[in-house]
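K.L.:
Return atomic coordinates for the entry below.
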Amino acid sequence: MSIFQAPRPGILPAQSIETLIATGAITSDTDFDHDQVQPASLDLRLSDQAWRVRASFLPGRRKVEERIADVAMHAIEITDAGVVLEKGCVYIVRLQERLHLPKGLIARANPKSSTGRVDVFVRLLTDQGASFDDVAEGYDGPLYMEVAPQTFSILVRPGTRLNQLRLKAGDPPKLETRSVGVDLQGGDIVGFRGRRHAGVVDLDHIDGHDPRDFWEPLSLRRGELLLDPGEFYILASSDDVEIPVDQAAEMTPIDPSVGEFRVHYAGFFDPGFGTDEAHGAGSKEIVARLVYEPLTERPSRLYGESGSHYQSQGLKLSKHFKAW
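P.N.:
Numbering: from 1, shown residues only. As a prediction, this is how the structure comes out:
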């Protein structure tokens, strides 16, 4: 097995990910999309193979598809016309990408921002994997995703991107942990609550849904905003989020010190998010605690340089919805 050499411990930037693709350490059922490699992560794509399962699981010492045989209710073919994944159900989908990680590299997956903003819970699975979302050093095998829509049913196709993979060399230091609070001073509308009885969200249809069919706007009462258990909310942070060009950050999904709730299902923030250099000028993000880590080297491109739905944002729904 080859050994990956990095200039220093850290998150791999775009050019290193592209090298891994070129050398066969990352392969795919189909050609890679031109925009699939992000500044410090790789978008992963659904294949045409899925299963409705009774419950979530970890494979333990077995392969994922061996465990699926124990819990599957039925197999699903994901077609180009699209397949609806129903809210309240759990699915396992094989991904198009496959890893042949060299020694010295590990990987970690996280939902894309747009996935978290429509309340779809996703986690990565690997053969003999001992935990969700983490890929062990030297892993050689397929990738799978657990998909569990919570508030809205979703329409997906082969190639739909719900999560992303970050590759890490060595044991980089945690540079900073930053907390951000909720902004309740944004005007008449301070947030949105998902409507439980709404239509299907087509995850490949950008700006294609009327937000009023899916969301209820929220305003303050007596200067407060009460959050009901079991409901899904979109709120903005009270602080601007900025990721230096030689760093990346990950959102902590659950932090008991700030409340008994999950924030944004976690997510990766690429280098350049919110910076003036990438035309961000201070983006707002959903309330969270962010952990910063260094990159092995400056990435060949920054977040938002060629356009982004979430750069320079305030309170904002996912890219699937028209402006409020």
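K.L.:
can you give me the helices for the protein?
P.N.:
Here the chain has its helices, by DSSP state H, at 14-22, 64-71, 113-116.
K.L.:
out of those, nearest to residue 207?
P.N.:
Nearest to residue 207, of all these, is helix 113-116, at 11.9 Å by Cβ to Cβ. Any C-beta I mention is one placed from the backbone N, CA and C, and that applies to glycine too.
K.L.:
now the helices of the chain as JSON lines including mean pLDDT?
P.N.:
Written out in JSON lines, the entries for those read as follows (pLDDT from 0 to 100):
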{"stretch": "helix 14-22", "mean pLDDT": "96"}
{"stretch": "helix 64-71", "mean pLDDT": "95"}
{"stretch": "helix 113-116", "mean pLDDT": "89"}
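K.L.:
Deepest-packed of these, please.
P.N.:
Compared across the helices of the chain, helix 113-116 shows the largest average neighbour count, a mean of 23 (mean count of other Cβ atoms under 10 Å).
K.L.:
Can you list the low-confidence ranges for the stretch 1-150 of the chain?
P.N.:
Scanning the stretch 1-150 of the chain for pLDDT under 70 picks out 1.
K.L.:
ok so, going back, as TSV, the helices of the chain with distance to residue 102 would be great.
P.N.:
As requested, these are arranged in TSV below (distance: least, Cβ to Cβ, whole Å):
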stretch	distance to residue 102
helix 14-22	8
helix 64-71	22
helix 113-116	28
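K.L.:
ok, what's across the strand from the residue nearest the centre of the chain?
P.N.:
With distances taken as Cα atoms, centre = their mean, the residue of the chain nearest its centroid is residue 111 (1.7 Å). Per DSSP bridges, the residues bridged to residue 111 are residue 163.
K.L.:
my read: it touches residue 124, true?
P.N.:
No. Counting by Cβ atoms under 8 Å, residue 111 does not reach residue 124; the two are 9.7 Å apart.
K.L.:
What segments of the stretch 1-150 of the chain are strands?
P.N.:
10-11, 26-28, 37-38, 41-53, 72-77, 83-85, 90-100, 105-111, 120-126, 134-135, 140-149 (DSSP state E, counting those that start in this stretch).
K.L.:
Would you mind writing the CA trace of stretch 50-57 as CSV?
P.N.:
Coordinates of the C-alpha atoms in stretch 50-57 are reproduced here as CSV (Å, rounded to 0.1, in the frame of the first residue of the first chain):
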residue,chain,number,x,y,z
ALA,A,50,-31.0,1.8,-2.5
TRP,A,51,-32.9,0.0,0.2
ARG,A,52,-35.7,0.9,2.5
VAL,A,53,-34.6,-0.5,5.9
ARG,A,54,-36.4,-1.0,9.2
ALA,A,55,-33.8,0.9,11.3
SER,A,56,-30.3,2.4,11.3
PHE,A,57,-27.3,0.2,11.9
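K.L.:
Could you give the separation of that stretch from the chain centroid?
P.N.:
For stretch 50-57, the gap between its own C-alpha mean and the chain's C-alpha mean amounts to 20 Å (Cα atoms, centre = their mean, to the nearest Å).
K.L.:
Repeat that for stretch 141-155.
P.N.:
In terms of Cα atoms, centre = their mean, the centre of stretch 141-155 is set 11 Å apart from its chain centre.
K.L.:
got the buried residues for it?
P.N.:
Residues of stretch 141-155 classed as buried: 141-149, 151-155 (neighbour count, 16 or more other Cβ atoms under 10 Å).
K.L.:
Kindly report the same for stretch 80-97.
P.N.:
If you call a residue buried by 16+ other Cβ under 10 Å, then stretch 80-97 has these buried ones: 82, 83, 85, 87, 90, 91, 92, 93, 94, 95, 96, 97.
K.L.:
I figured the fifth one hits residue 57, correct?
P.N.:
The reference is to residue 90. No. Checked against Cβ under 8 Å, the pair residue 90 and residue 57 is beyond contact range at 9.3 Å.
K.L.:
Overlap of the contact sets of residue 111 and residue 124?
P.N.:
With Cβ atoms under 8 Å, 6 or more residues apart in numbering applied, the overlap between the contact sets of residue 111 and residue 124 consists of residue 163.
K.L.:
just to revisit the earlier point, as CSV, the strands of the stretch 1-150 of the chain with distance to residue 234 would be great.
P.N.:
What follows is the strands of the stretch 1-150 of the chain, written out as CSV (distance: least, Cβ to Cβ, whole Å):
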stretch, distance to residue 234
strand 10-11, 27
strand 26-28, 32
strand 37-38, 22
strand 41-53, 22
strand 72-77, 29
strand 83-85, 21
strand 90-100, 24
strand 105-111, 15
strand 120-126, 14
strand 134-135, 28
strand 140-149, 16
